[in-house]
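Colleague: Build me a model from this:
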Amino acid sequence: MITYPAMLDVPRELVREVSRLLAAERRARGTRTGSRALTCWYQALLVLAWFRNQGDIALVGAGFGVSRATAYRYRDEVIDVLAARAPDLHDALERVAAQGWSHVVVDGKVFRTDRCAEITTSTRGETINAWYSGKHRAPGGNVHAVMRPDGLPVWVSDVVAGHRHDMSCARSAGVLGALYWAASQLRLPALADSGYEGAGTGVHTPIKQPGDGQILGPDNQAYNLLLRATRCIAERGFALLTGRWRALRRITASPRRIGSYVKAALVLTLLEQPQLRPSC
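Modeller: Numbers count the residues shown, from 1 in each chain. You can find the predicted model right below:
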């Protein structure tokens with residue numbers, strides 16, 4: 001095997017912060033000094049290199065002189081440490097309100113993954129693949145996120161099976177209750193797409209086109225135009241996560257781990273924002 005030098009385009013402060021979290025985790029576990037193949041710094045560097053470049057974790061690990069099994073174990077350890085520090089939804093909404101933003105945007109995304117043989121029963125009583133998304137025609141897991149108006153994601157949910165609808169996922173993730181609370185107590189309404197129609201007070205969605213060849217009135221058309229124009233900037237939140245952390249573009253681990261991967265990517269993104277570091 002041939003090794004070669006490479007550059008990793010992440011700030012040194014981010015590697016230092018992740019290694020500090022790993023050091024705290026090792027102390028909590030009682031890990032003896034010198035008993036690991038890599039120091040906290042190089043373990044953090046290994047996982048960030050994989051996260052950033054979507055490389056084969058076994059090959060990335062080989063570049064650091066560790067075996068395939070050790071590379072997988074180190075990766076999962078870092079993801080669990082980061083995911084455990086993901087913001088709580090109510091705390092995130094309070095922080096957005098304290099920063100003076102006028103609203104938040106809620107959106108869902110199906111993260112692609114390998115096929116999974118798990119089956120379930122649909123609402124029609126049919127046996128279906130639990131992780132297959134009919135909308136995207138591919139297997140994946142549905143994750144919801146709350147974004148600031150400038151597009152920065154501030155919270156992501158646990159993963160829900162890909163076959164489920166956005167509203168069903170939002171209810172099971174506890175998103176709607178928190179958004180109602182934010183709208184009433186923090187004066188922080190939420191904007192969403194038509195997949196959240198009927199979500200309730202405080203969650204604004206587009207007005208659907210009526211049937212029978214009718215068209216929306218001018219007032220309703222203007223409302224939809226303003227809503228979509230205001231919401232579109234914030235919906236880049238998922239693009240920010242997948243563009244920066246390319247390992248999210250296709251997750252080859254168990255679909256049930258997708259939520260941890262996305263939460264870890266969120267924490268890394270927030271750690272790269274200097275103004276948010278004290279809150280993470």
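Colleague: can you pull out the helices in the protein?
Modeller: 12-29, 40-53, 57-63, 68-83, 89-98, 166-172, 175-185, 218-234, 237-244, 258-271 (DSSP state H).
Colleague: who wins for proximity to Thr205 among the ones you listed?
Modeller: Of all the helices of the chain, it is helix 218-234 that lies closest to Thr205, at 7.8 Å by CB to CB. C-beta here means a position set from N, CA and C on the backbone, and glycine is covered the same way.
Colleague: Quick check: end-to-end length of stretch 188-200?
Modeller: 14 Å (CA to CA, to the nearest Å).
Colleague: Apologies, that question was intended for stretch 167-182.
Modeller: End to end - CA to CA - stretch 167-182 spans 18 Å.
Colleague: Over to stretch 51-65?
Modeller: End to end - CA to CA - stretch 51-65 spans 18 Å.
Colleague: List the neighbours of that stretch that are in contact with it.
Modeller: 1, 3, 6, 8-10, 37-38, 42, 45-46, 49-50, 67-68, 70-72, 74-75, 244-247, 249-250, 264-265, 268 (CB atoms under 8 Å, 6 or more residues apart in numbering).
Colleague: and Arg137, how many neighbours?
Modeller: 7 (other CB atoms under 10 Å).
Colleague: any weak-confidence spans in this structure?
Modeller: Scanning the chain for pLDDT under 70 picks out 1, 4, 115-131, 133-134, 136, 162-163, 165, 274-280.
Colleague: domains of it?
Modeller: As recorded under automatic domain parsing, the domains making up the chain are 12-83, 89-254.
Colleague: what would the ones you listed look like in TSV with distance to Gln273?
Modeller: Shown next, in TSV, are the domains of the chain (distance: least, CB to CB, whole Å):
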stretch	distance to Gln273
domain 12-83	11
domain 89-254	7
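Colleague: Which among those is found nearest to Glu272?
Modeller: Glu272 sits nearest to domain 12-83 of all the domains of the chain, at 5.8 Å, using CB to CB.
Colleague: Could you give the separation between the terminal residues of that closest one?
Modeller: Counting by CA to CA, you get 20 Å between the two ends of domain 12-83.
Colleague: I'd like to know which of the domains of the chain lies nearest to Ser260.
Modeller: Of all those, domain 12-83 comes closest under CB to CB, at 4.3 Å.
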